[in-house]
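J.: pasting the sequence and the predicted coordinates here, then a few questions.
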Amino acid sequence: MAPAAETTGLIQHPDGLTRCWWPGADQLYIAYHDEEWGVPEHDGRALYEKLILDGFQAGLSWITILRRRENFRRAFAGFDPEAIARFTEEDVARLMGDAGIIRNRAKILGAITSARAFLAIEERGPGFARFLWDAVDGRPIQARPQSRADIATETEASRRLARALKAEGFSFCGPTIVHAFMQATGMVNDHLVGCHRHAACAALAGETP
């Protein structure tokens, strides 16, 4: 990483675009940064999937999970909460034997209990997506970080949402995990101001950069 990136957090790439530092030169990571991270997500199932994957990330890097995401989708029934909520001990054993995912029993069991919590929220309405987005009053927070030092690892909003999720029965949803989830799903626009995606994500949220 160039010395300037260590301070500012910005990298000028060969394609002429300036990006946040964290994807490095990994093409899969760059595509995720450019196409997904920070884009406001309002689909409940997709939000459930991302929250579960962020839980599996705990103690690991996100690229480790990203490289296994399709394996996770196959193993976890396309992250269909209704299907996962019915998983049995046989399914847990199957998942523990699947080398294509992260084989952590507590996290696997957490995904199952979280699926049941998701369904409970959906049943009583107005749904999981609304439950999450209410934490930011339905509008993405425009953080406008100027450098790496300006990007928080947790916030008061992520602490509130983490408490709300735990109260509903979700697992592996501490404030740091929840903040990463909020960044990824566009609840918070934490692209650096100099990154080419900062303005694009602000525009998707109906905001000016």
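T.: Arrived safely, thanks for sending.

J.: which residues touch the spatially most central residue of the chain?
T.: For the chain, the residue nearest the mean C-alpha position is residue 181 (3.2 Å; Cα atoms, centre = their mean). Each residue near residue 181 by Cβ atoms under 8 Å, 6 or more residues apart in numbering is listed here: 50-51, 54, 173, 187. Backbone N, C-alpha and C define where each C-beta goes, glycine included.

J.: of the residues you listed, closest to residue 10?
T.: residue 187 (22.8 Å; Cβ to Cβ).

J.: what about the closest one, how many neighbours?
T.: 27 (other Cβ atoms under 10 Å).

J.: that one against residue 140, yeah?
T.: Yes. In this structure, residue 187 is within contact of residue 140 by Cβ atoms under 8 Å, at 5.8 Å.

J.: which residues do the two both contact?
T.: In contact with both residue 187 and residue 140: residue 40, using Cβ under 8 Å, 6+ apart.

J.: what's the neighbour count on the closest residue to residue 79 other than its chain neighbours?
T.: Distances taken as Cβ to Cβ, 6 or more residues apart in numbering put residue 49 closest to residue 79, at 3.8 Å, once the chain neighbours are dropped. Using other Cβ under 10 Å, residue 49 has 21 neighbouring residues.

J.: if we can go back for a sec, among the contacts of residue 181, which one has the most neighbours?
T.: Neighbour counts for these (other Cβ under 10 Å) peak at residue 187, which has 27 neighbours.

J.: how much space between that residue and residue 113?
T.: According to Cβ to Cβ, to the nearest Å, residue 187 and residue 113 sit 23 Å apart.

J.: now do residue 41
T.: Residue 41 sits 22 Å away from residue 113 when distances are taken as Cβ to Cβ.

J.: quick one: which of these two has more around it?
T.: residue 41 (19 against 14).
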